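Trainee: Sequence first, then the predicted structure, then my questions.
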Amino acid sequence: MKLRRVLLALVLAVAGLTVLGGPSAAAPRHRVTYDKYSLMVDGQRLLLQSAEFHYFRLPSPGLWRDILEKEKAAGFNAISVYFSWAFHSPAPGEYDFTGVRDVDRLLRTAEEVGLYVVARPGPYINAETSGGGFPAWLKTVPGRARSSDAGYTAAYHEWLAHINPILARHQVTRGGSVLLYNVENEYAVNTDPAYMQDLQDTARADGIDVPITTNNCCDAESWSSTWGSGPGAVQIPGVDDYPQSFECQDAGTTWGPWGAGVTEKVRDDAPVFAAEYQAGAIDLNNAGYEACRKLTGVSYTKFFQKGNMVLSGATAFSYYMGFGGTNWGWLGQPNDVYTSYDYGAAITEARQLTAKYAEYKRQGYFLRAVPPLTKTDTSAAPAVAGLETAARTNPDTGTQFLLLRNAATTETTSTLDWNGHTFPVTLPGHDAKVLVSNLDLGGQRLVASTSELYTTAQPGDRDVAILYGADGTPGATVLRYASPPKIKVLTGTVSASYAGGELRLDYTHHGLARVLISGAGHRPLLLMLGTDDTAASFWNVDGVLVRGTSLVRSASQVHGTVALRADTAKAGPVEVFANARKLTVNGMPVPTRTGRSSSLEGTLPGPRGVELPALAGWKQRAEAPEARPAFDDSRWTVADKTTSLSTFAPITQPVLFSDEYGYHAGSVWYRGRFTGTGAETTVKLNAITGKRGDYLVWLNGRYLGSAAGGVQADSDAPVNPDPGPGEFAVPAGLVQPGRTAVLSVLVQNMGNNDDWTAEDSRFRQPRGLVGASVPGVAEISWKIQGQARVDPVRGGLNNGGLYGERSGWSLPGYDDRSWPRAGLSVGAGVTWLRTGFPVDLPKNQDTSVALRFDGEIPSGYRVLIYLNGWNLGQYGAAIGPQTDFVLPAGPLRQHGRNTLALAVIAERPSTVTTPRLIVAGSQRGGA
Ligand code: GAL
């Protein structure tokens with residue numbers, strides 16, 4: 001084993017791969033340490049604010065930067081990333097890290113944007129991916145997966161030998177972005193400590209020197225040294241937390257059925273790390289992702305995450321998901337998800353920012369503004385009638401963080417007696433605040449405030465601070481000044497009083513009040529007092545405060561000019577607080593004047609209108625020549641195996657499981673030959689497809705019908721899935737005595753089950769035919785055909801084995817001139833529809849385009865959507881509620897001609913809903 005790894009490493013090194021792609025040699029290297037309070041980089045405490053991002057769910061490396069910049073603009077300083085083995089390895093020994101699989105580029109982009117990376121290479125990742133990230137070929141490798149069995153060990157060593165060197169060269173310790181290395185995923189059932197230890201030993205041997213973590217579920221103490229003194233314990237155990245569960249249809253009524261969602265401390269020498277904190281949901285019941293976004297919306301995020309912050313003292317957390325993306329091709333696991341993996345995340349699948357994003361920004365900016373939060377202990381909290389309270393205090397600075405939470409659904413008004421002050425407080429139902437006392441705010445000292453701190457900045461010779469509270473609720477802020485300062489209320493209504501060395505401001509949160517405080521021996525302070533909305537309208541990027549844009553990507557200040565890279569969703573005023581007199585936005589000078597708050601004020605244009613072409617001129621071609629008896633299948637694979645590693649026993653022989661013959665993704669064809677008796681009345685089949693799949697049957701070229709494919713019937717009984725039975729009547733005279741009859745079956749493989757419980761049988765469940773008989777017929781000889789070859793650009797998960805897929809009908813270069821023009825009505829079986837359309841989107845603008853099927857989703861057919869050869873989704877009533885399919889730039893040529901090919905698999909004659917192109921969001925600017 002060792003020798004194999006050494007040889008592999010040697011080959012990669014000789015190929016030069018271990019030196020390519022990493023950060024430049026000049027990049028500064030850093031030291032990563034931690035203690036019980038927090039992580040530290042070069043000795044500086046860090047509050048790790050991370051959002052999960054799956055590059056494999058955005059097949060457009062050019063757009064990775066857009067998502068990363070959007071995360072950074074909300075205050076995140078890290079992304080957490082699964083690396084999917086299945087995505088890179090279509091066959092044993094074959095690995096591809098080019099194009100949409102170029103993880104060096106991803107890690108470099110993170111470095112350039114300025115985000116740390118929590119690297120999660122599995123080998124098992126779950127993540128609602130087919131096989132939980134295990135390549136389907138692993139189903140044919142002996143040895144229980146997620147254990148130290150030899151066959152599995154050899155296989156995952158192969159994966160780690162490829163991915164670890166890439167991650168190693170991008171570590172923070174070598175000037176890169178990788179800050180933590182996460183082994184395995186929620187490894188809580190059927191565990192094998194030797195395997196957990198080997199993952200860590202292998203990582204260390206491969207040069208990983210940052211702290212190692214794992215994300216626990218279910219049993220918070222797993223894999224910590226306190227859990228057991230044996231092998232397998234990681235340095236910083238993380239805990240996964242999904243307080244709202246996944247029943248999106250119950251949004252509005254569900255409130256933390258899984259408890260308070262508090263992360264527990266599992267190791268005394270490591271910080272609390274919320275490795276996956278719920279920030280969306282899989283749409284288990286097809287309620288649609290807007291319902292998931294509501295289930296995990298602003299109230300949820302305030303109540304649970306602020307509670308988490310103070311009650312648990314977590315100084316590292318990662319939101320799952322920050323941006324969900326798309327299960328394009330055959331990436332997804334079929335039981336829990338359909339094509340979209342939008343997840344109800346703060347950034348939609350179409351890359352648009354939502355109200356939830358604004359709440360992340362409020363919390364993210366707050367966390368950035370309060371470094372003392374990286375080192376706190378639990379402290380006594382004042383009681384407040386009608387509200388829950390808890391507190392933490394920094395032992396060095398005395399800064400206190402006070403949680404006020406309202407568990408009731410209705411507003412509560414009360415009084416807070418805190419550090420010698422009495423304040424009125426009002427909290428809306430299901431709301432929470434984290435208040436701060438004894439904090440240095442630039443050149444000022446904040447004694448206490450019942451407004452939440454949003455952000456601070458130091459443009460030029462003054463301080464700016466923004467505080468906020470719910471619209472219409474009272475607020476009070478107390479600052480320390482040795483002598484009475486000068487107070488000027490620029491806008492809004494604020495009353496001020498000074499006594500005993502303290503300035504107290506009282507007000508009602510509404511709109512945006514501005515107060516200038518000067519004199520008293522301090523730098524001037526511009527205090528802005530806003531509401532949730534007016535506070536969040538400010539961006540604080542690279543120390544520059546901006547209001548009026550829909551995003552700020554970066555800011556730099558050189559020679560009196562502030563240069564912004566920013567997006568605008570509409571034309572309107574812009575206000576900038578910077579140490580500058582001139583403004584440029586996306587390289588263009590913007591005329592400005594100096595406003596009353598000494599900020600630069602100007603006007604910015606919005607995006608230009610976008611016209612998208614109608615989809616017309618459809619051409620059509622029916623396929624499925626495989627159904628015809630005379631079809632030449634001489635080059636197909638003979639299916640004659642008698643055994644498999646699946647715990648599922650085949651219902652008939654031979655074993656027809658498609659993975660046994662190397663066909664792992666999408667549709668697979670079977671052709672069975674038998675000698676007819678003329679007395680045949682029925683064909684009996686069983687096919688397992690995973691949820692949402694079906695299969696279609698022909699005998700001697702005659703279509704007999706279709707049936708639903710089998711699924712994992714019950715997660716407790718994965719060994720006995722529903723085997724997808726179908727009985728098909730044989731029309732009289734179709735089979736002639738003594739003549740060869742041909743049975744043709746097209747089976748969808750919707751993807752593999754995951755292996756969440758590490759019990760092997762679920763994940764090894766077969767796909768394809770699992771039983772086939774014709775009563776009265778002694779023997780059927782079989783051939784099988786799936787994906788013809790791995791698409792070198794789009795990868796092994798893009799195509800299945802439809803005739804059109806094998807013949808290039810999905811590709812833009814395919815010559816369809818001989819195809820007749822036709823409508824969208826198709827017969828039973830497989831029919832392809834193709835059309836082309838030109839696109840020329842405005843430059844210097846980010847327009848997101850989607851394909852929409854209007855109205856109810858008809859049953860009886862499913863559509864595979866190919867844009868320029870990229871399989872971007874599946875539409876159909878049996879598949880899910882999705883009617884909009886995002887067409888990301890990259891697969892979509894934004895300035896040129898595009899080819900759309902729809903493969904329609906119809907159980908009966910049908911008319912396909914006409915799709916149209918829509919604008920899913922448009923901003924001037926862009927990454
Ligand atoms: C977690 C798991 C993730 C993902 C999530 C649900 O338990 O670690 O990979 O599956 O649940 O979306």
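Mentor: Received it, and whenever you're ready, just let me know what you need. Numbers count the residues shown, from 1 in each chain.

Trainee: what distance separates the start and the end of stretch 508-525?
Mentor: Separation of the first and last residues of stretch 508-525 by CA to CA, to the nearest Å is 20 Å.

Trainee: what's the offset of it from the middle of its chain?
Mentor: 40 Å (CA atoms, centre = their mean, to the nearest Å).

Trainee: Buried residues, it. List them.
Mentor: Neighbour-count burial for stretch 508-525 flags 508-510, 512-517, 520, 522, 524-525 (criterion: 16 or more other CB atoms under 10 Å). Just so you know, the C-beta spots here come from the backbone N, C-alpha and C atoms, and that holds for glycine as well.

Trainee: Give me the distance between the closest residue to Trp255 other than its chain neighbours and the ligand.
Mentor: Computed as CB to CB, 6 or more residues apart in numbering, the closest residue to Trp255 that is not its neighbour in sequence is His430, at 7.2 Å. According to CB to the nearest ligand atom, to the nearest Å, His430 stands 23 Å off from the ligand.

Trainee: pretty sure His430 belongs to a helix, no?
Mentor: No - His430: not assigned to a helix; according to DSSP: H, G, I helix; E, B strand; the rest coil it is coil.

Trainee: my read: it touches Asn406, true?
Mentor: Yes - look at His430 against Asn406 with CB atoms under 8 Å: they come within range, at 6.5 Å.

Trainee: neighbour-wise, which of the two wins?
Mentor: Neighbour tally, His430 and Asn406, criterion other CB atoms under 10 Å: the higher count belongs to Asn406, 24 against 18.

Trainee: residues contacting that one?
Mentor: Gly386, Leu387, Glu388, Thr412, Leu427, Pro428, Gly429, His430, Asp431, Ala432 (CB atoms under 8 Å, 6 or more residues apart in numbering).

Trainee: Find the residue closest to Val683 in space, skipping its chain neighbours.
Mentor: Phe728 is the one closest to Val683 (CB to CB, 6+ apart), at 4.5 Å.

Trainee: Local confidence estimate at the one you found?
Mentor: Note on Phe728: pLDDT of 98.

Trainee: what's the neighbour count on it?
Mentor: 19.

Trainee: One more: Ile466?
Mentor: Ile466 has 28 nearby residues by other CB under 10 Å.

Trainee: same deal with Gly860?
Mentor: Neighbourhood size, Gly860 [other CB under 10 Å]: 15.

Trainee: And the one 4 residues further on, by the same measure?
Mentor: Summarising burial for Leu864: neighbours were counted as other CB under 10 Å, giving 27.

Trainee: Confirm that it lies within a helix, as I assumed.
Mentor: No - counting by three-state DSSP, Leu864 falls outside a helix, being strand.

Trainee: and it, what is it in contact with?
Mentor: Leu802, Asn871, Gly873, Gln874, Leu902, Ala903, Ile905 are the contacts of Leu864 under CB under 8 Å, 6+ apart.

Trainee: hang on, the earlier thing: tell me the pLDDT of the residue nearest to Trp255.
Mentor: Here, the pLDDT recorded for His430 equals 96.

Trainee: now Thr18
Mentor: What the model reports as pLDDT for Thr18 is 38.

Trainee: Kindly report the same for Pro718.
Mentor: Looking at Pro718, the pLDDT reads 48.

Trainee: And for Arg762?
Mentor: Confidence score, pLDDT, at Arg762: 87.

Trainee: how about it, secondary structure?
Mentor: On the basis of three-state DSSP, Arg762 is classed as coil.

Trainee: on that earlier part again, the residue nearest to Val683 against Gly705, yeah?
Mentor: Yes - Phe728 is in contact with Gly705 according to CB under 8 Å; the separation is 5.4 Å.

Trainee: returning to that earlier point: closest to Ala51 out of the contacts of Asn406?
Mentor: The closest of those to Ala51 turns out to be Ala432 (CB to CB; 20.3 Å).

Trainee: Next up, the contacts around the nearest residue to Leu68 once chain neighbours are set aside.
Mentor: Leaving out its chain neighbours, the residue that sits closest to Leu68 by CB to CB, 6+ apart is Val113, at 4.4 Å. By CB under 8 Å, 6+ apart, the contact list for Val113 reads Arg65, Leu68, Glu69, Lys72.

Trainee: Same list, those, but only the ones touching the ligand.
Mentor: Among those, no residue is within reach of the ligand (CB under 6 Å from any ligand atom).

Trainee: how many other residues sit next to Asp377?
Mentor: Other residues close to Asp377 by other CB under 10 Å number 12.

Trainee: what's across from it in the sheet?
Mentor: Thr393 (DSSP bridges).

Trainee: give the contact list for it.
Mentor: By CB under 8 Å, 6+ apart, the contact set of Asp377 is Gly313, Arg392, Thr393, Pro395.

Trainee: List the contacts of the first one.
Mentor: By CB under 8 Å, 6+ apart, the contact set of Gly313 is Tyr37, Lys265, Val272, Thr376, Asp377, Thr378, Arg392.

Trainee: From the ligand, how far out is it?
Mentor: In terms of CB to the nearest ligand atom, Gly313 sits 23 Å off from the ligand.

Trainee: Check Asn844 too.
Mentor: Shown here: Asn844 relative to the ligand, a distance of 36 Å by CB to the nearest ligand atom.

Trainee: try Ser312
Mentor: Distance, Ser312 to the ligand, using CB to the nearest ligand atom: 18 Å.

Trainee: and that residue, how many residues sit next to it?
Mentor: 23.

Trainee: Hmm, it is touching Phe273, no?
Mentor: No - using CB under 8 Å, Ser312 makes no contact with Phe273, being 9.9 Å away.

Trainee: Closest approach to the ligand from this protein, which residue is it?
Mentor: In the chain, the residue that lies nearest the ligand is Asn126 (3.4 Å; CB to the nearest ligand atom).
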